[in-house]
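A.B. asks: Sequence first, then the predicted structure:
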Amino acid sequence: MDLDKFKVHGEPLIYGAMISIALATIGILVGLTYFKKWGYLWREWLTTVDHKKIGIMYILAALLMLFRGGVDAMMMRLQTAAPEMKFLDAQHYNEVFTTHGLIMILFMAMPFIIGLMNVIIPLQIGARDVAFPRLNAVSFWLFFMGAMLLNISFVIGGSPDAGWSAYFPLASLEFSPTVGNNYYSLALQISGIGTLITGVNFIVTILKMRAPGMTLMKMPMFTWSVLITNVIIVFAFPVLTVALAMMMFDRLFGSQFFTMANGGMDMLWANLFWVWGHPEVYIVILPAFGIYSEIIATFSKKNLYGYTSMVFSMLIISLLSFLVWAHHFYTMGQGAMVNSFFSITTMAIAVPTGVKIFNWLFTLRKGRITFTTPMLYTLAFIPIFTIGGVTGVMLAMASADYQYHNTMFLVAHFHYVLIPGAVFAVIAGFHYWFPKVFGFRLNERLGKHAFWWIIISFNVTFFPLFFLGLMGMTRRMYTYSEESGFGPLNMLSFVGAVGLAIGFVILVYNIYWSTRYMPRDTTNDPWDGRTLEWATHSPIPLYNFAIVPKVETRDALWSAKHENIPLYTDTKYTKIHMPSNTGKPFILGVVFFFLGFFLVFSMWIPAIVSGIGILVVLAFMSFDKDQGYYIPVEEIAATEKKLMRGETV
Amino acid sequence: MKKKGPLYALFLSLILLLPGCSSIAVLNPKGPSARTLSDTILLSILVMLGVLAVVYILYIFVLVKYRAKKSNEGYIPEHEEGNKVLEAIWIIIPIIIVAFLSVVTVKTTNEVENVAADYQDQTPLVIYASSSNWKWHFSYPEEGIETVNYVNMPVHRAVEFRMYSFGTITSLWIPQLAGQKYAMSDMLTTLHLSADTEGSYIGKNANFSGKGFAHMEFEALVLSNKGYEDWVKEVKETAPKLTEEEFKGLLATDYLGRKTYSSTHLEFSPPPGDHGEHMSGGGKEMDMDNGNQEHQDNKEIHPSPEPSSGTEFDSEPHPDVDQPLPSSPVDESTHEGH
């Protein structure tokens, strides 16, 4: 065996990363042993099937990835801060921007959103768990192991370097001979399977497990957005699965789907990638629309304006998201006719999106607006996202796109869409739902500090990129000459990036500070919320609701508080069925990780062994006779009594 | 202070941006195609500023008027379901805007996909542009010459680039003359452009293509008609022939400076697709289905060049052309393998 291919040489940065990964791993292992937490970790987290804990693990992983992707971003902005910088070489820069894109979209934005929906959706629809709790654990561990597989690529063998879109033939063995793009195909495949399972799980959960009385048109907007998102996932992810499998065959087994010769078609990859990739951006943005809708209604003390048109606008966006993929390669020479068609469908998305913006503005109108931290992010989203939206319409014009395509203008546009559209949303949702999960709020003063750092720095970082694009600076350039004149604006952008980093550090410090010092909230409803998740205790008991609530209006809790429509008509507790914890999903994830790793390095025998291992674990899961258990009435009564007094269980 | 923070930042960034305005290549077009695009972009910016203004005014209005303050303490807003008329307004007006922009898009896309209106009576000058690794090869079948990493063309002349690639997907872009288009290994794409002003413009590959991508720039030099003819003549007289062996050598090299040859690679290494019409005899047989018979006539005016006797053309008109590109990408090759 050739040990050389595991090595990544030459860069002090990579050695630094290796050492810090090793130290962190050792630190975690030693810490767990010293504090005797192995048992706790296994019982409470690794084997859990509780949607709330799985959600928390998703969010923790996403926060970690936010910092990994953020460090990538800082390295890129530093490398391009001035002409002829010598911080990164071309190869390293290519790896950094590739992993930045992959991590931020697939291992930060999506899991953060899936984490929030894991925690909140069952609560919002008055359910005790998701439809398939063990499958939910499988989803998480597959996502997590996929993410870890991509992350180790930086120090073992080398990261993918052909861009997050991995266009062929650049990503083929011929032009990317390192194992980097093997990691790409396998890490994405493993976590993608997890996402697809999540999609199925949540569609069933939302359609089948709503509280009595909650018709589809009485669902909270976040639940609606998640339902539509999961339908998109179920339609889009199989395309990714197939495309990645073909990529893997091309790279590992010498098939010729996307090669230059022997009938391969390089643009077939681009088509498959974007047939998944464009809906993907709506997968991360639609739930954000849901989160913002909840927050705007709560903090302006009004019901959501134009609920029906909000729902229909999301449905139309989800349909259109599958009809626009070719706008990612207007410049492929597909002719004016095809480009015109995709131009029009793309611009059409602006209409339902505009509907949402105006509905939010009219929700605020005649309200009583309080500027809490989650509300600030929501309010900042509106003007910033609108810039992203209108530049999106500009890009959608095929002719004009011949000038923007692949330039920094595009980079500016999608950061103006994705950061307010997804990142601000998950931060807002995080601040908003934090007290529900942990029983105390995050500090508002620190929260606002972080907010202003992030908002101002965001604009300083990305606004100059619009101009750089129009000046002719293409994306993914690791260096440029002095004469190009790109220097000053790139420096400004770097300054902004530093500010963004400071903002995120304050945000994390806030979590630490609040955990230690914030007073515990005993009301269960600190924001005067409108929907069901605020009707149960904080922190949430294992079974979510001791008595299943009955729903008669859209804002069920609000109606209960202000219109005397009672939530609970039953008064007696009954025993509650719960699923048992299981270690099998975790083990399955680990085996998948090894399968991926061995395939990356074409180590066939261990790969086959791992493959058989997967079948074995699946067989064990299929024949599992564990039907779960019941929580007896006395235990529920005791827990409820404690929680009513404000104690934690 | 909190309210002024973002405004101040915006103001500061505008001040810093202003000096850069003269160098905005895309909005400083030098030919009809790029001018169409520039006008389209400016028009769309104006429309979009209108949209932004409506949203921003409404946004500021509601935030100022309906924020929580002492005077409205205890006020519980009424339930408000929505309003069909208002919602219809913000559906219909965007549809009108999108329809308008769609018309503009379809019209301008067709315009730039074809020869510009003022040049339609001309036969375009065909230049095959192909990429390999991190360099560009320009073949002039009509003249029977080939250049590497620079392209010369006459002013006021319709030019038709036919692009393809010997490797990864690249995108040929001369921002001041035309929008970009991909060059791929398995098909030929066409880009029409023409220049109104003589001058030297930056051309580049706009699609990420690996390690040397950042250095994949070339000069697009627009000469007077006389200047162009003189240049062609000079090339034919002084530049060496491009042999198959030499061409293979070029393809195998990662980075090159400028090169000039008095024959093209199209004969022995034809472009992809059914466009093999330039394979034989330096472009004697022309693209009949394109109606470009005049190429043949031109061909007769410029008879095939005599084989030149190995003059080192490169070093004559441009003393520094064989130097590596600025920011010496050659250093890069030492980092190979990780």
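C.D. replies: Happy to help now that I have it. Residues are numbered from 1 along each chain as shown, chains lettered A, B, ... in the order given.
A.B. asks: who's in contact with residue 130?
C.D. replies: No chain specified, so I'll use chain A. Residue A:130 makes contact with A:51, A:118, A:121, A:122, A:136, A:201, A:202, A:205, A:209 under the criterion C-beta atoms under 8 Å, 6 or more residues apart in numbering or on different chains. From N, CA and C alone the C-beta is placed, and that goes for glycine too.
A.B. asks: I was after chain B.
C.D. replies: B:136, B:137, B:139, B:163, B:164, B:165, B:166, B:183, B:271.
A.B. asks: Quick check on it: phi, psi?
C.D. replies: When read as degrees, to the nearest 10, the backbone of residue B:130 gives phi -130, psi 150.
A.B. asks: can you tell me how far it sits from residue A:174?
C.D. replies: 17 Å (C-beta to C-beta, to the nearest Å).
A.B. asks: next one: residue A:598
C.D. replies: Distance from residue A:598 to residue A:174, by C-beta to C-beta: 23 Å.
A.B. asks: Nearest to chain A: which residue in the stretch 151-300 of chain B?
C.D. replies: Closest to chain A within the stretch 151-300 of chain B is residue B:179: 2.2 Å, counting by C-beta to the nearest C-beta.
A.B. asks: pretty sure residue A:428 contacts residue A:382?
C.D. replies: No. The pair residue A:428 / residue A:382 is not scored as a contact, 12.0 Å apart, by C-beta atoms under 8 Å.
A.B. asks: So for these two, which sits in the more crowded spot?
C.D. replies: residue A:428 (27 against 21; other C-beta atoms under 10 Å in any protein chain shown).
A.B. asks: Can the helix or strand encompassing the more buried one be said to contact chain B?
C.D. replies: Element membership for residue A:428 (DSSP states H and E) is helix A:424-438. No. Applying C-beta under 8 Å from any C-beta of the partner chain, one finds helix A:424-438 out of contact with chain B, separated by at least 14.1 Å.
A.B. asks: Could you point out the longest helix of the chain?
C.D. replies: I went with chain A, as the question did not name one. helix A:266-299 (DSSP state H).
A.B. asks: You answered for a different chain; I wanted chain B.
C.D. replies: Longest helix in chain B, counting by DSSP H: helix B:32-65.
A.B. asks: so how far is that helix from its chain's centroid?
C.D. replies: Taking C-alpha atoms, centre = their mean, to the nearest Å, the mean C-alpha location of helix B:32-65 is offset from the chain mean by 26 Å.
A.B. asks: again, but for stretch B:181-189
C.D. replies: Using C-alpha atoms, centre = their mean, the offset of stretch B:181-189 from its chain centre is 14 Å.
A.B. asks: how long is that stretch from one end to the other?
C.D. replies: Stretch B:181-189 has an end-to-end distance of 7 Å (C-alpha to C-alpha, to the nearest Å).
A.B. asks: What's the mean pLDDT across it?
C.D. replies: Averaged over stretch B:181-189, pLDDT sits at 93.
A.B. asks: hmm, that stretch touching chain A?
C.D. replies: Yes. Using C-beta under 8 Å from any C-beta, stretch B:181-189 reaches chain A at B:181, B:182, B:184, B:185, B:186, B:187, B:189.
A.B. asks: from those residues, which single one is nearest residue A:401?
C.D. replies: residue B:181 (11.1 Å; C-beta to C-beta).
A.B. asks: Contacts for the helix or strand that contains the closest one, please.
C.D. replies: Using DSSP H and E, residue B:181 sits within strand B:178-183. Strand B:178-183 is contacted by residues A:329, A:331-333, A:399, A:401-403, A:405-406, B:31, B:33-34, B:37, B:112, B:129-131, B:161, B:163-165, B:169-173, B:189-193, B:206-207 when judged by C-beta under 8 Å, 6+ apart.
A.B. asks: Burial check on the closest residue to chain B within the stretch 351-500 of chain A, number of neighbours?
C.D. replies: Closest contact between the stretch 351-500 of chain A and chain B, by C-beta to the nearest C-beta, is at residue A:402 (2.2 Å). Residue A:402: 30 surrounding residues under other C-beta under 10 Å.
A.B. asks: which residues sit in contact with it?
C.D. replies: A:330, A:331, B:37, B:112, B:178, B:179, B:180, B:181.
A.B. asks: And for residue A:421?
C.D. replies: Counted by C-beta under 8 Å, 6+ apart, residue A:421 has contacts A:284, A:285, A:288, A:381, A:385, A:388.
A.B. asks: sorry, back to before: please flag which of the contacts of strand B:178-183 sit within strands.
C.D. replies: Among the contacts of strand B:178-183, the members found in strands (DSSP state E) are B:129-131, B:161, B:163-165, B:170-173, B:189-193.
A.B. asks: So for stretch A:355-372, mean pLDDT?
C.D. replies: Rounded mean pLDDT across stretch A:355-372 is 94.
A.B. asks: ok now that stretch, how far from the chain's centre?
C.D. replies: Taking C-alpha atoms, centre = their mean, one finds the center of stretch A:355-372 at 26 Å from the center of the full chain.
A.B. asks: Enumerate the positions of that stretch that are buried.
C.D. replies: Along stretch A:355-372, these residues count as buried under the neighbour rule (16 or more other C-beta atoms under 10 Å in any protein chain shown): A:355-369, A:371-372.
A.B. asks: Would you mind naming what in the stretch 101-250 of chain B lies close to chain A?
C.D. replies: Checking the stretch 101-250 of chain B against chain A by C-beta under 8 Å from any C-beta, the hits are B:101-102, B:104-106, B:108-113, B:167-169, B:171, B:173, B:175, B:178-182, B:184-187, B:189-190, B:202, B:204-214.
A.B. asks: any low-confidence regions in chain A?
C.D. replies: A:1-3, A:9-10, A:646-649 (pLDDT under 70).
A.B. asks: Same question for chain B.
C.D. replies: Residue ranges of chain B with pLDDT under 70: B:1-22, B:274-338.
A.B. asks: Find the centremost residue of chain B, please.
C.D. replies: residue B:173 (2.0 Å; C-alpha atoms, centre = their mean).
A.B. asks: Enumerate the beta-bridge partners assigned to that residue.
C.D. replies: Beta-bridge partners recorded for residue B:173 (DSSP bridges): residue B:204.
A.B. asks: wait, isn't it in contact with residue B:206?
C.D. replies: Yes. Between residue B:173 and residue B:206 a contact is recorded at 4.2 Å, counting by C-beta under 8 Å.
A.B. asks: Tell me the most packed of the ones in strands among the contacts of strand B:178-183, by neighbour count.
C.D. replies: Within the ones in strands among the contacts of strand B:178-183, most neighbours by other C-beta under 10 Å means residue B:170, with 33 neighbours.
A.B. asks: check contacts around that one.
C.D. replies: Residue B:170 sits next to B:131, B:182, B:183, B:205, B:207, B:209, B:216 when contact means C-beta under 8 Å, 6+ apart.
A.B. asks: ok, now how distant is the fourth one from residue B:216?
C.D. replies: Separation of residue B:205 from residue B:216 (C-beta to C-beta) stands at 4 Å.
A.B. asks: Between the two, which contacts overlap?
C.D. replies: Joint contacts of residue B:205 and residue B:216 (C-beta under 8 Å, 6+ apart) are B:131, B:134, B:136, B:170.
A.B. asks: Residue A:191 and residue A:142 touch, don't they?
C.D. replies: Yes. Using C-beta under 8 Å, residue A:191 is in contact with residue A:142, at 6.1 Å.
A.B. asks: more crowded one of residue A:598 and residue A:174?
C.D. replies: residue A:598 (19 against 15).
A.B. asks: in which helix or strand would I find residue 92?
C.D. replies: Just so you know, I chose chain A. Residue A:92 belongs to helix A:90-102, assigned by DSSP H and E.
A.B. asks: Can you look at chain B instead?
C.D. replies: Residue B:92 belongs to helix B:84-113 when assigned by DSSP H and E.
A.B. asks: Fine by me, we can end here.
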